[in-house]
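Enquirer: With the input below, show me the fold.
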Amino acid sequence: MHAFALSRFLFWFVIFFLIALASRPWVESLLIRYEAEPRPVLARGELAADEQSTIAIFESVSPAVVYITTSGRILDLLSRNLLEVPRGTGSGFVWDRSGHVVTNYHVVAGVQSTYVRLANQRSYQAALVGVSPEHDIAVLRIDTGGRGLEPVPIGSSHDLKVGQKVFAIGNPFGLDYSLTAGVISALDRTIPSEDGRRIEHLIQTDAAINPGNSGGPLIDSAGRVIGMNTAIFSPSGNFAGIGFAVPVDTINRIVPRLIAYGRYVRPSLGIITDRDLSPRLLEGRGLTGVVVLRVQEGSPAERAGLQSARINIDGTLMTADVILAVNDIPVDSVERLLTTLESFLIGDRVTLRIDRAGRLIEVEVVLG
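Expert: Residues are numbered from 1 along each chain as shown. Model (predicted):
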């Protein structure tokens, strides 16, 4: 019985052995596929000129870009201890070798602690130097002993053209040092800020700007900073092709004052007016300008001889000085007057064109 089983085993063993030999090409094909080598690599050649330029811009500017994290404090109801919790993230850029860092006001508004991480991955707690909410600008300062600080190259924004290529560097969604590219889509845009203020003269771009990009630099093709990314227009809260940046000319005017004084003070005429009432009072008079409702005592306007408005009982305008232009720059609204005055410094002498009871006069005022 056992001999029969052994013979059956030997029979089938021989059969399978012969089948294996007959299938040798198939086995060899398996071995060939298993031992196949990678395909040869085609040489890349030189990068295109615009690619080389983009890489050079990123490598030159990114060391000046910083990653900002903020935290707040909450009361633990169980332990009655104050706990520090993360509030948000943003971007910024090194302004000078003294450790000043520029970012958006909304990045640091209402927080207790702010931390700045440099390109060398070192983190420092930052002190708040000053803010200008109406421009969405804030200045921080970190003490690095002068190490790791690479100030950004500053450009200009008054001569920008729609269609210029631009680049944005920042930390969207906490992802370090991301570069996006686009063009300038429009200039002189006005948008509301998070606290309801109006931010004016913004650069519009289609370079991708997402949460976390705020405060990062907008760069031109020469590698110069021309703006600071500040906001996006998007129903979802993410990039939708419309981003905004504060022009560098505004930054370069505001930041030195924040560093020197801790706050920004607008140049002032010393008048009281109203953005809603002023156009209503001028209805039917064929004028577009700013009605001087009241001249403040001891102000530059009083010293220059400006006169307060007189209004009838029925709310119509009896007489008033109406400011039509500043240094030949037309001002058709209170907003336009304020932004025009911002291009001057305290102590500058300006010439106002005024309509006084239908008579055009010019008055010189030293801004206070």
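
Enquirer: Would you mark the buried spots in stretch 361-368?
Expert: Using 16 or more other CB atoms under 10 Å as the test for burial, stretch 361-368 gives Val363, Val365, Leu367, Gly368. All C-beta atoms are positioned from the backbone trio N, CA, C, and that covers glycine.

Enquirer: How much space separates the third one from His106?
Expert: Okay, so that is Leu367. With distances taken as CB to CB, to the nearest Å, Leu367 is found 29 Å from His106.

Enquirer: residues near Arg122, how many?
Expert: By the measure other CB atoms under 10 Å, the count of residues near Arg122 is 12.

Enquirer: phi, psi of it?
Expert: Dihedral angles of Arg122 (phi, psi; degrees, to the nearest 10) stand at phi -80, psi 140.

Enquirer: cool, Ser62 as well?
Expert: phi -60, psi -30.

Enquirer: could we number from 22 for the rest of this?
Expert: Yep, numbering from 22; the last one is Ser83 now.

Enquirer: What confidence value was assigned to it?
Expert: Looking at Ser83, its pLDDT reads 86.

Enquirer: which one is it nearest to, not counting chain neighbours?
Expert: Tyr198 (5.3 Å; CB to CB, 6 or more residues apart in numbering).

Enquirer: which residues touch the one you found?
Expert: Residues near Tyr198 by CB atoms under 8 Å, 6 or more residues apart in numbering: Ser83, Val86, Ala140, Ile190, Asn192.

Enquirer: do you know how far Arg306 is from Asp376?
Expert: Arg306 is 9 Å from Asp376, by CB to CB.

Enquirer: Between those two, which is the more surrounded one?
Expert: Between Arg306 and Asp376, counted using other CB under 10 Å, the more crowded position is Asp376 (19 against 14).

Enquirer: Now do the SS call for the more buried one.
Expert: strand (DSSP: H, G, I helix; E, B strand; the rest coil).

Enquirer: any idea of the pLDDT on the residue nearest to it when sequence neighbours are not counted?
Expert: Sequence neighbours aside, Val343 is the residue nearest to Asp376 in space, at 4.3 Å (criterion: CB to CB, 6+ apart). Per-residue pLDDT puts Val343 at 86.

Enquirer: Following element in sequence after the one helix or strand Val343 maps to, please.
Expert: Val343 is part of strand 342-347 when elements are defined by DSSP states H and E. Per DSSP H and E, the first helix or strand lying C-terminal to strand 342-347 is strand 350-351.

Enquirer: Could you point out the helix or strand that follows that next one?
Expert: Toward the C-terminus, strand 350-351 is succeeded by helix 355-362 as the next helix or strand (DSSP H and E).

Enquirer: ok and that next one relative to strand 342-347, angle-wise?
Expert: Here the directions of helix 355-362 and strand 342-347 differ by 50 degrees (axes from the mean of the first three to the mean of the last three CA atoms, to 10 degrees).

Enquirer: Off-centre distance for the top strand by length along the chain?
Expert: Counting by DSSP state E, the longest strand found in the chain is strand 199-213. How far strand 199-213 lies from its chain's middle: 9 Å, per CA atoms, centre = their mean, to the nearest Å.

Enquirer: And the contacts of that strand?
Expert: Contacts for strand 199-213 (CB under 8 Å, 6+ apart): 75, 79, 83, 181-193, 219-230, 234, 252, 254, 263, 265, 356.

Enquirer: filter those residues to the buried ones?
Expert: Listed as buried from these are 75, 79, 83, 181, 186-193, 220-230, 234, 252, 263, 265; burial here means 16+ other CB under 10 Å.

Enquirer: which intervals of the stretch 72-221 of the chain have sub-threshold pLDDT?
Expert: Residues of the stretch 72-221 of the chain meeting the criterion pLDDT under 70: 93-108, 195-196, 214-218.

Enquirer: show me where it has strands.
Expert: Ranges of strands in the stretch 72-221 of the chain, per DSSP state E, counting those that start in this stretch, are 86-96, 103-115, 121-124, 134-138, 144-153, 158-162, 186-191, 199-213, 219-226.

Enquirer: quick one, which of those strands is nearest to Arg29?
Expert: strand 199-213 (71.5 Å; CB to CB).

Enquirer: Can you list the strands that that closest one pairs with?
Expert: strand 186-191 (antiparallel), strand 219-226 (antiparallel) (DSSP bridges).

Enquirer: Turn those strands into JSON lines, including distance to Asp297.
Expert: Listed next are these as JSON lines, based on distance: least, CB to CB, whole Å:
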{"stretch": "strand 186-191", "distance to Asp297": "36"}
{"stretch": "strand 219-226", "distance to Asp297": "14"}
